[in-house]
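*Asks:* pasted the sequence and its predicted model underneath.
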Amino acid sequence: MSPPNVAQGRDRLRIAIQKSGRLADPARALLASCGLSWRESRDRLFCYGETLPVDLLLVRDDDIPGLIADGVCDLGVVGRNVLQEQGQDRVESGRVPAYREWRALGFGGCRLDIAVPDAWDWQGPQQLGGKRIATSYPALLRQWLQAQGIAADVVLLSGSVEIAPRLGQADAICDLVSSGATLSANQLKPVLTLLQSEAVLAGPVEAFDDVRGELADLLLRRLDGAIRVRKSKLLMFQASRNDLPTLLPLLPDAEAPTVMQVDGADRMALQALCHGAVTWQRLEDLKRAGASGLMVLPVEGMLA
Ligand SMILES: Nc1ncnc2c1ncn2[C@@H]1O[C@H](COP(=O)(O)OP(=O)(O)OP(=O)(O)O)[C@@H](O)[C@H]1O
Ligand SMILES: O=P(O)(O)OC[C@H]1O[C@H](OP(=O)(O)OP(=O)(O)O)[C@H](O)[C@@H]1O
Ligand SMILES: [Mg+2]
């Protein structure tokens, strides 16, 4: 089993995901939670969709925007940082945008930050004027520098960017940060955020005008449900009718709760779908406000 060539297979949807790396497992898990399953090719580069005609191509993340632009793949799961860098690179070189972000997927979070040596007395972006900044994101950095009216040298490095100041290759850096541990280990401190990133579903600028459009709509509906489910909990409790005005404001992130009457006129049972964290603190607050029999349940599926 191998992927059909570009001209064929327009009745199936093809999604590019990272073969290995930070986004590989969560991307696959999210798609699987949408009810997709696959049979893998022997070389583990192509997965044939079994439950739905939605196939996966396993690639390097940097190749994903280009695969969408060339029409080799229909959709892709990639970091916003990679998508925007390559998109801005296209703009710089006068090419048309060929893809856009369809959905934010809620994993792979990180920031694209400018960081300077700890010893710098940071006073603001103008301090970067005339300096050398090492990065793997030259197009996004140039775009930002231009918007700020700062003239600085962009030093392109494909990895280990944080070590550049210590090696004398650059004065500052612009790279991905999540925990900040790599910056600290290299005596650097973050001073500006250029981009808040996470994994996104990327697709073409225009909607599909063939059967892939229906498949993509179905996938998006399920993805939206799966993303909401991950963050949602069903909260159930009982309370007296008189306490409802105090209790309901404690559920600001809940959809309109279902309120049912139990024995007599006063006792009520409530069910609320909460889209934020239901913490112990919150349960304590609800209990103090008159809730009893509090129960928090995971949500397995949801379809708007
Ligand atoms: N701490 C982090 N550092 C780098 N990327 C992160 C971090 N946290 C989340 N990410 C996201 O994960 C994406 C993939 O990171 P990874 O390190 O797996 O990429 P890679 O080494 O370029 O992989 P590939 O072999 O596919 O080219 C990044 O582009 C970014 O969107
Ligand atoms: O803030 P932190 O949690 O320390 O994460 C940030 C670091 O992680 C990434 O590097 P990675 O480990 O992927 O190495 P590479 O860039 O050399 O591939 C990124 O390029 C930063 O160096
Ligand atoms: Mg890569």
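*Replies:* Great, that's in hand. Ligands and ions are numbered 1, 2, ... in the order given.

*Asks:* distance of residue 291 relative to ligand 3?
*Replies:* Distance check for residue 291 against ligand 3: by CB to the ion, to the nearest Å, it reads 49 Å. Where you see a C-beta, it was placed from the backbone N, CA and C, and this is true even at glycine.

*Asks:* quick one: residues contacting that residue.
*Replies:* Shown in contact with residue 291 (CB atoms under 8 Å, 6 or more residues apart in numbering): 237, 238, 239, 243, 247, 270.

*Asks:* if you set the cut-off to 7 Å instead, what comes out?
*Replies:* 237, 239, 247 (CB atoms under 7 Å, 6 or more residues apart in numbering).

*Asks:* which helix or which strand is home to the first one?
*Replies:* Okay, so that is residue 237. Assessed by DSSP states H and E, residue 237 sits inside strand 233-240.

*Asks:* which outside residues touch that strand?
*Replies:* Contacts for strand 233-240 (CB under 7 Å, 6+ apart): 247, 262, 266-274, 278, 286, 290-299.

*Asks:* okay, now the sheet partners of the longest strand anywhere in the chain, with direction.
*Replies:* Longest strand in the chain, counting residues (DSSP state E): strand 188-197. Applying DSSP bridges to the sheet, strand 188-197 is found paired with strand 110-117 (antiparallel).

*Asks:* how about the partner strand: buried residues?
*Replies:* By neighbour count on 16 or more other CB atoms under 10 Å, the buried set for strand 110-117 is 110, 111, 112, 113, 114, 115, 116.

*Asks:* partners of residue 49 in the sheet?
*Replies:* Where residue 49 sits in a bridge, its partners, by DSSP bridges, are residue 38.

*Asks:* check contacts around it.
*Replies:* 12, 36, 38, 55.

*Asks:* enumerate every residue touching the second one.
*Replies:* Residue 36 is in contact with 49, 51, 52, 54, counting by CB under 7 Å, 6+ apart.

*Asks:* that one looks like it's in a strand, true?
*Replies:* No. Per DSSP: H, G, I helix; E, B strand; the rest coil, residue 36 lies outside any strand segment and is coil.

*Asks:* give me every residue in the chain lying close to ligand 2.
*Replies:* Counting by CB under 6 Å from any ligand atom, the chain comes close to ligand 2 at 159, 160, 162, 175, 176, 177, 178, 179, 180, 181, 182.

*Asks:* can you rerun that using 5 Å?
*Replies:* Counting by CB under 5 Å from any ligand atom, the residues of the chain close to ligand 2 are 159, 176, 177, 178, 179, 180, 181, 182.

*Asks:* need the longest helix for this protein.
*Replies:* helix 211-231 (DSSP state H).

*Asks:* which neighbouring elements make contact with that helix?
*Replies:* Applying 3 or more CB pairs under 7 Å, 6 or more residues apart in numbering; DSSP states H and E, one finds that helix 211-231 contacts strand 13-18.

*Asks:* confidence score at residue 300?
*Replies:* For residue 300, the pLDDT comes out at 82.

*Asks:* what sits against the residue in the stretch 151-300 of the chain that ligand 1 sits nearest to?
*Replies:* Per CB to the nearest ligand atom, residue 178 is where the stretch 151-300 of the chain lies closest to ligand 1, at 3.5 Å. Residues in contact with residue 178 (CB under 7 Å, 6+ apart) are 109, 110.

*Asks:* confidence score at it?
*Replies:* With respect to pLDDT, residue 178 has a value of 97.

*Asks:* next: the one 10 residues further on.
*Replies:* Model confidence at residue 188, expressed as pLDDT, equals 98.
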